[in-house]
Each structure stands twice: as structure tokens, then as C-alpha cells.
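[1] fold the following for me, if possible:
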Amino acid sequence: MDLTTYHSLMGGRLASAVTVLFSAIIASVIAMALHHAGISVLKRLANGRPFTTNATRVAFRASQMCLIVFGLRIVLAGAPADTPGLLGLSHLASVALIVALTWLAMKCIDALSLTIAQINPVDVADNLRARRLITQARVLTRSAHAIVVILGLSFILLTLPGARQIGASLLASAGVAGLVAGIAARPVLGNFIAGLQIAFSQPIRIDDVLIVNGEWGRVEEIKGTYVVVRIWDERRMIVPLTWFIENPFENWTHSSSTILGTVFLWLDFSVPVEPLRAELDRICQASPLWDQRVCKVQVTDATDRAMQLRFLISANNSGDAFELRCIIREEILAYVARHYPEGLPRLRSSIDPVDLNATTAAKVINRPDALDTVIDGAPGARV
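    Modelled structure (predicted):
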């Protein structure tokens with residue numbers, strides 16, 4: 001846009017400034033009108049395409065700002081040379097255009113991440129693939145944001161006079177200062193690299209069930225430098241990204257959400273195992289929490305006083321397994337108390353028959369009424 005003709009007609013620096021201001025207002029109005037028309041066309045062309053629909057919604061303000069700043073940059077490029085503050089305004093418009101384009105790029109990345117989340121919902125039974133893709137999208141989105149911001153700052157620095165001299169000075173003094181900066185930035189760079197490792201190798205994903213430092217919880221969010229683990233009692237554990245790369249931990253949903261659950265009970269030797277197997281099968285068949293895979297009773301240990309029984313069951317996820325274990329524990333104990341009231345572990349004591357006979361004879365001779373007391377301590381009596 002050449003404003004020399006307007007300048008020659010009106011004349012003077014003040015007239016140039018007024019002309020540039022008036023032209024900037026007109027350019028802004030035209031840019032907003034073009035943006036509105038372009039968004040309307042894109043919405044019609046989208047026709048159910050999730051990314052285009054999300055991009056037109058998420059990046060609306062950023063794209064509008066880009067067009068407005070671009071129009072102002074065109075106006076300033078064609079302004080008369082004697083316009084007050086033209087050089088500073090032109091540089092400011094260039095910086096604003098870079099910032100607007102950086103903002104637009106970040107919003108487009110957000111739209112892509114949002115689209116992936118919409119196409120792959122996690123509120124389904126088999127959500128392993130969805131959680132893997134969403135984890136990659138979120139971690140890579142934050143990494144892409146960091147890269148876009150760095151590129152934007154780099155382009156802004158390139159517009160500054162003497163930026164090359166500043167860069168040369170930094171390179172010349174990159175000895176000790178570079179070493180110190182590298183040491184200081186090590187945690188940030190370590191978490192950034194750990195985030196990329198987690199995105200691609202995926203030792204953890206969104207909504208994974210983890211055991212971290214003895215705590216059971218789910219991965220609620222993966223940030224740029226840390227992971228938020230929601231503990232079962234609604235506490236939040238904040239764990240650095242590098243911790244998951246450098247330390248062992250349990251992931252109960254790494255390849256599948258199905259899991260085995262166990263219930264251990266100590267019972268007396270007199271309790272038969274087969275009725276307990278039948279009772280466990282009845283409990284599992286009646287419960288919707290059981291996934292029809294594993295339902296077993298095994299004697300896994302025995303001492304001189306009792307035997308240990310393991311009730312092994314399976315479920316679709318750890319939450320169902322926990323609930324089913326509690327149900328089995330309650331109902332098996334009630335079954336034992338109802339059908340085998342003597343089946344709980346007992347401490348047995350016995351008296352040698354020879355010593356018992358001698359003691360009984362002595363007491364009967366000296367005090368006949370003591371016979372009833374002796375009989376109470378006969379072999380087989382339980383304490």
C-alpha cells in the first residue's frame with residue numbers, strides 16, 4: 001500500500017501520522033472482515049472433520065490477531081519516510097507479527113492434541129490404545145510448545161540490531177559460563193528429555209495404575225517436568241519425570257488392565273477345602289466384578305497350628321479386583337462361621353495319658369469329688 005500520494009496531498013509529518021493511523025484502522029477492519037469470512041468458509045468445508053473444526057475454534061483469536069498485525073505491517077511498510085516513529089513502529093509490528101504467528105502455531109498444536117483426545121476416548125472398556133495415544137499427544141504437545149516458543153524468541157532476537165554481535169560475544173565467552181549454565185539447566189533439560197522418552201517408550205500413560213513409593217494411584221496428568229499421581233484417598237503425589245526413568249516402579253496397566261487378586265485366610269485343619277472351592281465359585285458366579293478367567297482355592301502354607309488358604313480370582317481392573325477381594329473375604333468368613341464354627345485357628349494342648357492316669361488315681365483317692373475337674377482336662381480338650 002503506497003501512501004506517497006496521500007502524503008503529497010496533505011503534506012507535513014502530522015498529516016502523515018494521521019494518514020497512517022486512518023489507514024491502520026481501515027486495514028484492521030478489513031482484516032477482521034476477511035478473517036470472519038475465512039473462518040465461515042473453513043467451517044463449511046470442515047463438514048465433520050474434527051481437526052479443522054477444533055482449529056477454527058481454538059485458534060480463532062490467534063488467527064485473527066495474525067491478520068490484523070499483518071495488515072498493520074503492510075500499512076507501515078507503505079508509510080511515508082517522515083512519519084513520526086516509523087522505524088520503531090515497524091520493528092514493533094514485526095515483533096508483534098512473530099508473537100502472533102507463534103501463538104497461532106501453539107493453538108494449532110493444541111487443536112491437534114484435542115482432536116486426538118476426541119477421536120480416542122478413554123471412557124471405554126478397552127482404552128489401552130487411547131491412553132497410549134493421548135499420553136503421546138500431551139507430552140509431545142508440551143515439547144512442541146517449548147520448541148515453538150524458542151523459535152519465536154530466536155526470530156525476535158534476529159530482528160534486533162546487533163543480535164549477531166551478542167551471539168558472537170556469547171560464543172566467545174562460552175567456556176566457564178557455558179559450563180555453569182549447563183549445570184544449572186541440567187534438571188530442566190533432564191526432565192525435557194525424560195518427557196520425550198516417556199512419550200515414545202511409554203513406561204507410564206494417562207490413567208495408568210501405579211505403585212509409587214508404596215502408594216497406589218492413577219496417573220492423572222503428565223506435565224512438562226512432573227507427573228501428578230492421584231492416590232486412592234484423593235491425595236496427589238507429584239513425581240518428577242526423571243524419577244520414572246531412573247527408578248523401578250509397578251505399572252498394573254502397562255499392557256492390560258486385567259489383574260489377579262488374592263485373599264489369604266488361616267483356618268483349622270479340620271475345615272475341608274472342597275466346600276470352600278464350591279462356595280468361592282458360587283460367589284464369583286454371582287458377582288459382576290469377576291471376569292470369568294480365574295477362580296481357585298489352594299493351600300499355600302501350613303504350620304503346626306493351622307493351614308493357609310489362598311483364594312485366587314481375576315478381574316478386569318484393579319478397582320474391581322479390590323472390591324471382589326473384600327466380598328470374598330467377608331462371605332468366606334461368614335460361610336466358615338456358619339458351617340464350621342470350630343474352623344478358625346486354635347491353640348491345642350494335651351496331657352500325657354500315663355501322667356493323667358496317675359494324677360487321676362491320686363486325686364480320686366484323696367478327694368473323690370475332684371474326678372469331674374480332671375475329666376475336664378482330658379486329652380482332646382481345646383483351649
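
[2] quick one: low-confidence ranges for this protein?
    Applying pLDDT under 70 to the chain flags the ranges 1-14, 81-82, 123-128, 161-192, 348-383.

[3] now the strands for it?
    Along the chain, counting by DSSP state E, strands occupy 209-212, 215-222, 226-231, 236-240, 250-251, 259-267, 290-302, 307-315.

[4] which one of those strands lies nearest to V69?
    Minimum separation from V69 across the strands of the chain (Cβ to Cβ) falls at strand 215-222, 33.6 Å. Where C-beta positions appear, they are placed from N, C-alpha and C, glycine not excepted.

[5] that closest one packs against which elements?
    Identification of packing neighbours for strand 215-222 by 3 or more Cβ pairs under 8 Å, 6 or more residues apart in numbering; DSSP states H and E yields helix 128-159, strand 209-212, strand 226-231, strand 236-240.

[6] which one of these lies nearest to G319?
    Closest to G319 of the helices and strands packed on strand 215-222 is strand 209-212 (Cβ to Cβ; 8.4 Å).

[7] what pairs with the closest one, and is each one parallel or antiparallel?
    strand 215-222 (antiparallel), strand 250-251 (antiparallel) (DSSP bridges).

[8] what is the burial count for H36?
    Neighbour count for H36, taken as other Cβ atoms under 10 Å: 13.

[9] er, I313 actually
    For I313, using other Cβ under 10 Å, the count is 27.

[10] from T159, how far off is it?
    From I313 across to T159, the span is 67 Å (Cβ to Cβ, to the nearest Å).

[11] do V69 as well
    Where T159 is concerned, V69 sits at a distance of 14 Å (Cβ to Cβ).

[12] ok, the two, which is more surrounded?
    V69 (22 against 14).

[13] give the contact list for that one.
    V69 is in contact with A93, A96, L97, A100, counting by Cβ atoms under 8 Å, 6 or more residues apart in numbering.

[14] what's the answer for A31, then?
    A31 neighbours (Cβ under 8 Å, 6+ apart): Q64, L67, I68, F70, G71.

[15] distance to V29 and neighbour count added to these, as CSV?
    Shown next, in CSV, are the contacts of A31 (distance: Cβ to Cβ, whole Å; neighbours: other Cβ atoms under 10 Å):
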residue, distance to V29, neighbour count
Q64, 12, 19
L67, 11, 21
I68, 9, 22
F70, 14, 17
G71, 9, 22
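
[16] could you redo the residues you listed as a markdown table and give each row distance to L42?
    Formatted as a markdown table, the contacts of A31 follow (distance: Cβ to Cβ, whole Å):
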| residue | distance to L42 |
| --- | --- |
| Q64 | 13 |
| L67 | 13 |
| I68 | 18 |
| F70 | 18 |
| G71 | 19 |
